[in-house]
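Colleague: okay, here's the prediction I keep looking at, along with the sequence it came from:
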Amino acid sequence: MQNYESNYNMIDWWKKAVLKNYANFDGRARRAEYWYFALFNMLLLIPFYVIALIGTLKGATGFALLGWAVYIVLALGTFIPSLAAGVRRLHDLNKSGWYYFIVLIPFIGVIILLVWFFTDGDRHANNYGDDPKNPAGPEFDFEKSAVIS
């Protein structure tokens, strides 16, 4: 059975972003792809950060080193896919990936980027590819063949 994007769960979106589109900055990423990837990535990183923090505060050196090591490896391993998913998300809004640097503007940059990431993408093909929700494109009434009965 083929797994279509409409049937993807959070782990499928994460695997698509990390394994299939690791450093793919081309094309478009719909909201589900970006936000499920970001959510699962945080759910993966936060426990190791907490383990490292608790180990550091309690003075358990081995515990802290293990937590920090796993956290850093996961964070560095998903850094490029995170950037790529963000750029593809901007492409879905017909914006250049260079707009990602708007995050460098203190306070307002992060807010603008979040608003864009929450905004629904273009419902048609744009400069960066076809609509990922409907890759065949919209079907208009005048395109349907007339059925003669």
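Modeller: Looks like it arrived, so ask away.

Colleague: grab the most central residue of the chain for me.
Modeller: Tyr34 (2.4 Å; CA atoms, centre = their mean).

Colleague: can you tell me the element the closest residue to that one other than its chain neighbours falls in?
Modeller: Nearest residue to Tyr34, sequence neighbours excluded (CB to CB, 6 or more residues apart in numbering): Arg89, at 4.3 Å. For glycine as for every other residue, the C-beta is placed from the backbone atoms N, C-alpha and C. Arg89 belongs to helix 79-92 when elements are defined using DSSP states H and E.

Colleague: distance of Asp130 relative to Trp116?
Modeller: From Asp130 across to Trp116, the span is 20 Å (CB to CB, to the nearest Å).

Colleague: how close does Arg88 get to Asn94?
Modeller: 12 Å.

Colleague: more neighbours, these two?
Modeller: Arg88 (24 against 14; other CB atoms under 10 Å).

Colleague: right, and the residue nearest to the centre of the chain touches Ala84 too?
Modeller: No. Using CB atoms under 8 Å, Tyr34 makes no contact with Ala84, being 10.3 Å away.
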